[in-house]
Each structure stands twice: as structure tokens, then as C-alpha cells.
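Trainee: one predicted model, sequence on top.
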Amino acid sequence: MIKTQQVAVATVDKVLAGASLTAELQVSWRANPALSNQQRGAIQDLSYGVLRFYGQLDALLKLLLKKPLYDKRLRCLLLVSLYQLQYSKAPPYAVVDHAVSTARFMGGNKGIQGLINAILRNFIRQRTTLLEQAALDDEGRYSHPQWWIDKLRLQYPQSYQAVLEADNQHPPMTLRVNRRQIGVDEYRELLETAGMPVQLLWNNALKLRQPVGVEKLPGFADGLVTIQDAGAQLAAPLLDVHDGMRVLDACAAPGGKTTHLMELAQVALTVLDNDAERLARVEQNLDRLKIKVNHLICDDAAYPSQWWDGKPFDRILADVPCSASGVVRRHPDIKWLRRERDLLKFSASQQVILNALWQTLSKGGKLLYVTCSVFAEENRWQVEDFLYHHSDARQLPLTQVGMIDGQLLPDSQHDGFFYTLLHKT
Ligand SMILES: C[S@@+](CC[C@H](N)C(=O)[O-])C[C@H]1O[C@@H](n2cnc3c(N)ncnc32)[C@H](O)[C@@H]1O
């Protein structure tokens with residue numbers, strides 16, 4: 001446990017200083033090549049868990065400390081240990097003993113080791129009272145930054161608590177069955193025979209009762225299924241593609257929706273993304289599903305003159321970069337890395353991309369604007385502004401289950417997304 005605590009502490013410390021959790025875990029794997037798969041799994045659980053509940057753990061720590069602790073690593077060690085005490089099955093006194101050993105290993109003297117021991121034992125003794133006190137303030141109660149809670153409360157007075165709670169759950173693992181290769185019922189049977197029960201959500205979306213490694217999924221390498229959240233699986237069908245159409249997937253990587261589009265119809269697809277590394281992942285996904293695409297372009301969607309041949313597209317998927325506030329349970333670091341002012345930056349770049357792509361759409365064509373955000377600045381208000389400035393744009397009604405004005409809020413079945421289908425008149 002000491003090694004896992006140590007690596008988790010280093011990872012959380014880097015993330016709280018501004019690094020991305022996914023990137024930082026890769027750094028940790030490279031720095032500790034001898035870690036077993038089990039240790040990696042434990043480190044991942046600890047790091048994700050601490051960031052998922054950071055608001056609560058931080059509030060507990062403030063209550064437990066008599067004066068501020070300036071050593072960031074020790075503070076992270078306490079956060080990791082509190083998370084273990086509150087959310088893991090590890091025996092409490094083993095967590096405390098290991099935390100003391102980790103503190104010693106990190107260079108902490110006897111005084112520091114004693115402090116770690118005393119704080120964690122105090123938590124064990126006064127757990128109920130401390131948890132109640134921590135929940136008195138919003139950040140301690142919901143484990144989101146205050147500005148985020150305030151914004152959700154304002155924009156969703158009826159459902160903001162459900163959104164905050166859904167954000168702190170473990171994300172579901174959902175599969176999209178490739179209907180070109182196998183029927184949904186047939187694939188479901190394959191899974192259930194292999195001991196993996198699922199729930200059919202909608203269309204081709206099967207939610208696994210328990211997440212599993214992809215190597216366990218029957219036919220994954222042969223392209224029978226793709227891992228994709230059920231909310232994301234709505235995009236391609238909404239775009240209403242038909243054989244022979246010219247289609248642009250404008251912000252395509254890593255290609256979850258690209259492959260779905262190609263499963264639905266034989267279209268002439270242009271795949272665009274401005275990130276070469278991410279675009280390479282689209283290629284891998286296309287290869288696995290044995291799909292051929294002629295135009296894979298690494299360029300900026302905001303500058304069509306650099307990549308567009310001038311022939312209008314019949315359909316455009318604009319899955320624009322956004323705050324990712326609808327998928328924070330998959331990336332809990334985002335809650336603590338984003339700043340409120342970032343929404344203005346995202347909203348400005350979304351506006352530029354949307355305006356640019358509109359010029360490349362044919363008359364009578366459709367553009368689907370998508371974000372995985374829950375904030376109106378990137379969604380409803382963005383579209384209202386676009387419609388105000390574009391007299392040739394008409395918003396088509398979307399009536400999918402669970403959507404209100406195109407907004408899908410995260411819940412136990414799917415992540416949070418926003419969809420708007422625009423028709424060029
Ligand atoms: C939300 S992700 C897309 C997810 C993807 N559609 C899928 O379903 O797998 C947004 C993508 O937009 C790309 N991107 C950001 N700014 C861009 C720009 N100006 N032009 C083109 N792509 C951009 C990012 O690299 C990122 O891959």
C-alpha cells in the first residue's frame with residue numbers, strides 16, 4: 001500500500017498544481033515501470049477518487065488541521081489517506097500505519113509522522129461529526145468549485161443537485177453495437193454468455209452492469225462494438241445521414257462519432273481535427289472497424305480556406321472543443337482545473353468555428369452543433385446568438401428522450417451533452 005499511496009500522492013499533487021490527470025498518470029507509469037497492474041489499478045482508483053471528492057476531503061482536512069499545512073506533498077498524503085478511510089475497504093489502522101510510513105519515506109521527521117498519525121486517528125474517532133460539518137458548505141457538500149455550483153444552481157434551479165450528485169458517481173461503461181456486423185440482441189447474448197450482463201438503453205447502446213477491460217469484450221478487436229457513452233451515441237443518428245452524401249466531421253478526434261456516422265451510411269466523409277496525435281487515434285479506430293475514409297485532414301476548422309475544396313457539405317458534425325463539464329465523472333480533475341473565465345474562451349472559439357463551418361454547408365444542408373458541456377454559455381446562449389446573426393439558419397426540433405431544449409444532463413445512464421440541429425434555408 002505504501003508504494004501506491006506514494007505514487008497517488010505525487011499524481012494528485014501534480015494535478016492540483018495544474019496538470020491533467022490522464023497525462024500525469026502516464027508520467028507516473030513511465031517513472032515507475034515496475035508497478036504491477038494491480039498497483040496501477042489501485043493508484044488510478046486513489047487519484048480519481050481524491051479528485052472526485054476533493055471538495056469534501058479538503059473541507060475535512062481544514063476541520064482537522066489546527067493551522068495550515070504548507071507542505072503540499074504531506075497535504076496530498078492526508079487527502080489520499082482520508083479518501084481511503086472514507087471510501088475504500090482498506091482496514092483503517094492499516095491506512096494510518098502506511099500513511100505514517102509514507103510520510104517517513106517522504107522525509108518527514110518524527111513530529112510530522114506524529115501529526116499524520118494524530119490527524120487520521122482524529123478523523124476515525126470523530127468521523128460522523130466531521131462529515132456533517134464538512135457538508136455545511138457547498139464545496140464540502142458537493143465536491144465542486146463554488147463558481148460551478150452557483151452557475152448550475154442558477155441555470156438549473158430544479159435539477160442542479162442531481163447533476164452535482166451524478167458528477168460524483170463512477171461513470172457507466174456503455175457499448176455501441178456495430179449494426180453493420182451484428183444485431184444488438186445477438187451481441188447482448190454473446191455478452192451474457194460470457195458472464196457480462198447488460199442493460200439496453202436506446203438504439204444500439206448496451207450499458208454493462210460492471211465495467212470490464214476491452215480485451216474481455218467479444219469481438220472488440222474485430223470491430224463488433226465501440227465503447228461510447230449513450231449520450232454521445234445520439235449524435236450520428238441526429239445528423240440524418242444518407243448514402244452518397246458529402247459529410248464533414250469537423251472536430252473528429254478520437255473518432256467515436258466518426259465511426260458511428262460510417263456505420264449508419266456510405267457517405268463521402270471528410271475527417272478534420274487540428275491535433276495530429278488525436279487524429280492518429282481516429283485512424284486506429286477506423287482501422288479496427290475496417291472503415292476506409294479518403295480525407296483525413298489535420299487543420300483548423302476555423303479556417304476553411306486552408307482545407308476546404310469549395311464543394312459544400314450536405315451534413316456537418318461540429319463536436320466543438322468545450323469545458324467538458326458534462327463528463328467530469330470521467331475526468332474529475334476538470335472540476336478543479338477549469339476556471340470560470342475559461343467558459344468565455346471556449347464560447348468565443350466555438351463561435352468562430354461555428355461561423356466558419358456554416359459557410360461550408362450546402363443550402364438545405366444540416367449542421368449538428370454538439371458539446372459535452374452543461375453550461376448555457378457554450379450551449380443554449382451560443383445557439384441563440386448564432387440564430388440572431390444568421391437569417392439563413394433554422395433550428396430543427398429535437399425530441400430525444402431526456403433532452404430539454406437539446407440539453408442532456410448527466411445521470412446514471414449517460415453523460416451530459418448538448419445538441420442543436422441547424423438547417424440552412
Ligand atoms: C469534443 S472533442 C471531439 C470528440 C469526437 N467528435 C468524438 O466523438 O470522438 C473536440 C475535438 O476538437 C478538436 N479541435 C479543437 N479545436 C479545433 C479546431 N479549431 N479545429 C479542428 N479541431 C479542433 C480537438 O483536438 C478535439 O479532438
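Mentor: Perfect, I can see it now. Residues are numbered from 1 along each chain as shown.

Trainee: tell me where this protein has strands.
Mentor: 173-177, 198-200, 205-208, 225-227, 246-249, 268-273, 295-298, 313-319, 361-371, 393-396, 407-408, 417-424 (DSSP state E).

Trainee: among these, which is nearest the ligand?
Mentor: strand 313-319 (3.5 Å; Cβ to the nearest ligand atom). Just so you know, the C-beta spots here come from the backbone N, C-alpha and C atoms, and that holds for glycine as well.

Trainee: nearest residue to the middle of the chain?
Mentor: V327 (3.4 Å; Cα atoms, centre = their mean).

Trainee: that residue and A265: what is the separation?
Mentor: Using Cβ to Cβ, to the nearest Å, we find V327 at a distance of 27 Å from A265.

Trainee: with V177 instead?
Mentor: Counting by Cβ to Cβ - V177 and A265 are separated by 17 Å.

Trainee: compare the two (neighbour count), which wins?
Mentor: Per other Cβ atoms under 10 Å, whichever of V177 and A265 has more neighbours is V177, with 24 against 17.

Trainee: beta partners of the more buried one?
Mentor: Beta-bridge partners recorded for V177 (DSSP bridges): V225.

Trainee: and it, how far is that from L238?
Mentor: In terms of Cβ to Cβ, V177 sits 18 Å off from L238.

Trainee: got a markdown table for the strands of the chain, with mean pLDDT too?
Mentor: Below are those laid out as a markdown table (pLDDT from 0 to 100):
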| stretch | mean pLDDT |
| --- | --- |
| strand 173-177 | 97 |
| strand 198-200 | 95 |
| strand 205-208 | 96 |
| strand 225-227 | 96 |
| strand 246-249 | 98 |
| strand 268-273 | 97 |
| strand 295-298 | 96 |
| strand 313-319 | 98 |
| strand 361-371 | 98 |
| strand 393-396 | 97 |
| strand 407-408 | 96 |
| strand 417-424 | 98 |
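
Trainee: how about those in CSV, adding distance to R153?
Mentor: What follows is the strands of the chain, written out as CSV (distance: least, Cβ to Cβ, whole Å):
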stretch, distance to R153
strand 173-177, 29
strand 198-200, 31
strand 205-208, 29
strand 225-227, 33
strand 246-249, 35
strand 268-273, 35
strand 295-298, 40
strand 313-319, 28
strand 361-371, 20
strand 393-396, 27
strand 407-408, 16
strand 417-424, 19
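
Trainee: export those strands to TSV and tack on distance to the ligand?
Mentor: Shown next, in TSV, are the strands of the chain (distance: least, Cβ to the nearest ligand atom, whole Å):
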stretch	distance to the ligand
strand 173-177	11
strand 198-200	21
strand 205-208	14
strand 225-227	10
strand 246-249	7
strand 268-273	5
strand 295-298	9
strand 313-319	4
strand 361-371	7
strand 393-396	20
strand 407-408	15
strand 417-424	10
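
Trainee: all helices of the stretch 51-200 of the chain, in order?
Mentor: Secondary structure of the stretch 51-200 of the chain (DSSP state H, counting those that start in this stretch): helices at 54-64, 72-87, 92-105, 110-134, 138-142, 146-155, 160-167, 184-193.

Trainee: out of the ones you listed, nearest to P218?
Mentor: helix 184-193 (4.4 Å; Cβ to Cβ).

Trainee: in stretch 65-82, what's buried?
Mentor: 69, 73-82 (16 or more other Cβ atoms under 10 Å).

Trainee: then that stretch to CSV, C-alphas only?
Mentor: What follows is stretch 65-82, C-alpha atoms only, in CSV (Å, rounded to 0.1, in the frame of the first residue of the first chain):
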residue,chain,number,x,y,z
LEU,A,65,-5.8,20.9,11.0
LYS,A,66,-5.2,23.4,13.7
LYS,A,67,-3.1,25.5,11.4
PRO,A,68,-2.5,25.5,7.6
LEU,A,69,-0.2,22.8,6.3
TYR,A,70,2.2,24.4,3.8
ASP,A,71,3.9,21.1,2.7
LYS,A,72,1.9,20.2,-0.4
ARG,A,73,3.0,16.6,-0.6
LEU,A,74,2.0,16.0,3.0
ARG,A,75,-1.3,17.7,2.4
CYS,A,76,-1.8,15.3,-0.6
LEU,A,77,-0.8,12.3,1.6
LEU,A,78,-3.6,13.3,4.1
LEU,A,79,-6.1,13.7,1.3
VAL,A,80,-5.3,10.3,-0.1
SER,A,81,-5.4,8.7,3.3
LEU,A,82,-8.7,10.4,4.2
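
Trainee: what about that stretch, average pLDDT?
Mentor: When pLDDT is averaged along stretch 65-82, the result is 93.

Trainee: okay, now the residue lying closest to L239 once chain neighbours are set aside: neighbour count?
Mentor: Leaving aside its chain neighbours, L239 sits nearest to L368 (4.8 Å; criterion: Cβ to Cβ, 6 or more residues apart in numbering). Using other Cβ under 10 Å, L368 has 22 other residues around it.

Trainee: try the one 3 residues further on
Mentor: Close neighbours of T371, defined as other Cβ under 10 Å, add up to 28.

Trainee: contacting residues around it?
Mentor: T371 makes contact with 319-320, 322-323, 326, 350, 378-379, 417-418 under the criterion Cβ atoms under 8 Å, 6 or more residues apart in numbering.

Trainee: show residues contacting stretch 120-128.
Mentor: So stretch 120-128 is contacted by 60, 64, 78, 81-82, 85-86, 92, 95-96, 99, 130 (Cβ under 8 Å, 6+ apart).

Trainee: 7 Å instead?
Mentor: Stretch 120-128 is contacted by residues 60, 64, 81-82, 85, 92, 96, 99, 130 when judged by Cβ atoms under 7 Å, 6 or more residues apart in numbering.

Trainee: closest to the ligand among the residues you listed?
Mentor: L82 (33.3 Å).

Trainee: any idea how far L191 is from G55?
Mentor: Distance from L191 to G55, by Cβ to Cβ: 36 Å.

Trainee: between these two, who's got more neighbours?
Mentor: Counting neighbours by other Cβ under 10 Å for L191 and for G55 shows that G55 has the greater number, 26 against 21.

Trainee: now the more buried one, nearest residue through space, not along the chain?
Mentor: S143 (3.5 Å).

Trainee: OK, contacts around the one you found?
Mentor: Contacts of S143 (Cβ under 7 Å, 6+ apart): 52-56, 168.

Trainee: re earlier: contacting residues around the residue nearest to the centre of the chain?
Mentor: 372, 415-416.

Trainee: for it, what are phi and psi?
Mentor: phi -120, psi 30 (degrees, to the nearest 10).

Trainee: give me the pLDDT for it.
Mentor: 98.

Trainee: and if you look at the one 5 residues further on?
Mentor: pLDDT recorded at P332 is 98.

Trainee: kindly tell me how buried it is, as a neighbour count.
Mentor: With other Cβ under 10 Å as criterion, P332 counts 24.
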